[in-house]
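Asks: The following comprises the amino acid sequence and a computationally predicted model.
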Amino acid sequence: MDRGSLIGLGLAGVAILGGQAIEGGEIGLFLQPTAFVIVVLGTLAAVLLHYPLPVFVQGVRMGKWAFRPPEPEGMTQIRRIVQWAHTARQEGMLALERHVNLTHDPYLRDGLKLLIDGADANRLREILEVQIVGFETAERQAARVWEVAGGYAPTLGILGAVIGLIHVMENLADPGKLGTGIAVAFVATIYGVGLANLVLLPIANKIKFSIARRVAEREMICDGLIGIAQGDNPRIIETRLKGYL
């Protein structure tokens with residue numbers, strides 16, 4: 001669990017609600033269902049129109065990474081690659097076949113199969129780097145769901161403000177209804193700007209951080225497998241791969 005994300009989210013709430021309380025305002029004034037519906041559902045609708053549904057679903061699933069990021073596997077992968085380097089050096093590439101069924105990472109397993117099939121270092125690098133590019137592109141596209149939502153939310157806040165002001169203009173002759181319209185107008189703006197800058201955009205950047213680490217792990221794996229293909233000393237491979245961490 002990423003405690004920093006939880007602390008940051010808590011501080012965001014304290015900053016907004018605390019500022020309202022310090023100014024002597026009632027916190028309950030922020031509870032405007034109309035503004036919430038306009039901003040939240042409107043932002044959701046815009047993002048659904050922006051992206052294909054599979055990309056949107058993947059992006060939503062990645063949202064949990066802001067609070068529970070994927071566990072780093074760098075050291076585990078290094079130990080596995082060094083073990084394979086020893087095996088290949090002592091028994092030959094075909095001896096690596098017994099490790100295929102024990103490898104659950106698809107990227108690592110594909111690289112291992114290429115080694116067993118006798119792919120040279122250049123061809124191995126070419127294939128694995130193409131997979132890295134495809135992986136990074138797909139992951140970043142899904143992560144941008146949150147970034148795009150952060151771009152739409154302030155605009156929907158302004159839309160909510162305009163709707164609230166229209167309500168005010170319609171009821172100028174009835175002062176009792178003016179307060180509701182003005183509240184919706186200003187609270188919708190707060191919802192839009194606050195949601196974008198305190199929740200959506202920070203989550204997007206936290207997800208990108210996890211993606212960068214996952215891409216670096218794949219680059220490390222690519223380097224290690226190429227070292228095995230070239231017949232490098234396992235100790236040299238291990239030292240080089242630790243530099244990625």
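Replies: That came through, no problem.
Asks: domains for this structure, by residue range?
Replies: 1-31, 33-245 (automatic domain parsing).
Asks: can you list the weak-confidence ranges in the protein?
Replies: 1, 20, 23-29, 171-181, 183-184 (pLDDT under 70).
Asks: which of the domains of the chain sits most buried?
Replies: Comparing the domains of the chain by mean neighbour count (mean count of other Cβ atoms under 10 Å), domain 33-245 comes out on top with a mean of 17. The C-beta positions use only the backbone N, C-alpha and C, and glycine is treated the same way.
Asks: measure that one end to end?
Replies: 47 Å (Cα to Cα, to the nearest Å).
Asks: ditto for stretch 98-118
Replies: With Cα to Cα as the measure, what separates the two termini of stretch 98-118 is 16 Å.
Asks: Show residues contacting that stretch.
Replies: Applying Cβ atoms under 8 Å, 6 or more residues apart in numbering, the contact partners of stretch 98-118 are 73, 77, 80, 84, 87-88, 93-94, 96-97, 123-124, 127-128, 131, 135, 218, 221-222, 225, 228-229.
Asks: what about the residue positioned nearest the centre of the chain, which helix or strand?
Replies: Nearest residue to the geometric centre of the chain (Cα atoms, centre = their mean): residue 207, 2.4 Å. Assigned by DSSP states H and E, residue 207 falls within helix 201-230.
Asks: could you say what helices and strands that helix packs with?
Replies: Judged by 3 or more Cβ pairs under 8 Å, 6 or more residues apart in numbering; DSSP states H and E, helix 201-230 is in contact with helix 74-91, helix 106-116, helix 121-170, helix 234-242.
Asks: out of these, nearest to residue 13?
Replies: helix 121-170 (16.6 Å; Cβ to Cβ).
Asks: closest one to residue 38 among the helices and strands packed on helix 201-230?
Replies: The closest of the helices and strands packed on helix 201-230 to residue 38 is helix 121-170. By Cβ to Cβ, the value is 3.9 Å.
Asks: Please name the spatially closest residue to the residue nearest to the centre of the chain (chain neighbours excluded).
Replies: In space, and not counting its chain neighbours, residue 207 is closest to residue 143: 4.3 Å by Cβ to Cβ, 6 or more residues apart in numbering.
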